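# For reference, the sequence and a predicted model appear below.
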Amino acid sequence: AQSVSQHNHHVILSEAASLELGCNYSYGGTVNLFWYVQYPGQHLQLLLKYFSGDPLVKGIKGFEAEFIKSKFSFNLRKPSVQWSDTAEYFCAVKYSSASKIIFGSGTRLSIRP
Amino acid sequence: GAVVSQHPSWVICKSGTSVKIECRSLDFQATTMFWYRQFPKQSLMLMATSNEGSKATYEQGVEKDKFLINHASLTLSTLTVTSAHPEDSSFYICSAKGASLPGELFFGEGSRLTVL
């Protein structure tokens, strides 16, 4: 079945620490991959997306993600987090054979000031 | 970027009543709109997909007679929760995509429904 999983449910880091959030999807052919962020009290916003080309994708606010096809992964990274990065992060995948986007369960990121 | 707006953002109703939530794309034509439900501390669960001018496609387990979806125009989709019960209390989120921005979804602010 087409699915996406996020292994970290809650991550707590100190400011300036490096971040990596895991995301894996099940095999299902060609995919488009997304990372969305939901800040407290706000709606979902797109951080970055991968459609094709360079597997290292740079997004807003210093975030990047790397698509590793052999591992079915699309991990999100940031070299130095800030307190304002406190939010819920969702990985999502769209298979070319389907019209819908499937979301992972989300990872809550808490940053200690 | 493209803007999607939901209304109301917050609604409280009595059990047995119906509630309508609107989702509008403000600056683009949304060929497809999606309705999600989000439970506390959980991910978004897709309820249904609607294309303008046609019947919505519901996900397995979602009652189409309870969650009525109408996508009458390229800028408006509505979700009506009929005969609401306390277990329908949730955060409902719509998203939309347009032909000019393939593959990308734009999300509304969400509507929090509380059924007493």
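Good, I have the coordinates.
# from here on, contacts and neighbour counts on C-alpha atoms
Fine.
# What is the subsequent helix or strand relative to the helix-or-strand element of chain B with minimal mean pLDDT?
Ranking every helix and strand in chain B by mean pLDDT, DSSP states H and E puts strand B:106-107 at the bottom, with a mean of 86. Next helix or strand after strand B:106-107 toward the C-terminus (DSSP states H and E): strand B:111-115.
# How far does that next one sit from its chain's centre?
With C-alpha atoms, centre = their mean, to the nearest Å as the basis, strand B:111-115 stands 12 Å off its chain's centre.
# do the same with stretch A:18-35
Per C-alpha atoms, centre = their mean, the centroid offset for stretch A:18-35 relative to its chain is 7 Å.
# measure stretch A:98-113 end to end?
42 Å (C-alpha to C-alpha, to the nearest Å).
# quick one: buried residues of that stretch?
With burial defined by 16 or more other C-alpha atoms under 10 Å in any protein chain shown, the residues of stretch A:98-113 counted as buried are A:100-111.
# which among those residues are in contact with chain B?
Restricting the buried residues of stretch A:98-113 to those near chain B by C-alpha under 8 Å from any C-alpha of the partner chain leaves A:100, A:102-106.
# among these, which are in strands?
A:102-103 (DSSP state E).
# rewinding a little: sheet partners, orientation included, of the least confident helix or strand of chain B?
Sheet pairing for strand B:106-107, assigned by DSSP bridges, gives strand B:90-98 (antiparallel).
# of the ones next to chain B among the buried residues of stretch A:98-113, closest to chain B?
Nearest to chain B among these: residue A:105, at 4.4 Å, using C-alpha to the nearest C-alpha.
# My guess is that closest one contacts residue A:36. True?
No. Residue A:105 is beyond contact range of residue A:36, at 11.7 Å (criterion: C-alpha atoms under 8 Å).
# and for the two, which residues touch both?
Shared contacts of residue A:105 and residue A:36, defined by C-alpha atoms under 8 Å, 6 or more residues apart in numbering or on different chains, comprise residue A:90.
# For chain A, which residues are neighbours of chain B?
For chain A, the residues in contact with chain B (C-alpha under 8 Å from any C-alpha) are A:32, A:42-45, A:90, A:100, A:102-106.
# show me what contacts residue A:77?
A:18-21, A:63-65.
# ok, 10 Å please
A:18-22, A:58, A:62-66 (C-alpha atoms under 10 Å, 6 or more residues apart in numbering or on different chains).
# Find the nearest non-adjacent residue to it, please.
Using C-alpha to C-alpha, 6 or more residues apart in numbering or on different chains and skipping the chain neighbours, the partner closest in space to residue A:77 is residue A:20 (4.4 Å).
# Could you measure from residue B:86 over to chain A?
Using C-alpha to the nearest C-alpha, to the nearest Å, we find residue B:86 at a distance of 22 Å from chain A.
# What's the end-to-end length of stretch A:47-63?
End-to-end for stretch A:47-63, by C-alpha to C-alpha: 7 Å.
# which other residues reach it?
With C-alpha under 10 Å, 6+ apart as the criterion, stretch A:47-63 contacts A:19-20, A:30-38, A:46, A:64-69, A:74, A:76-81, A:85, A:89-94, B:103-104.
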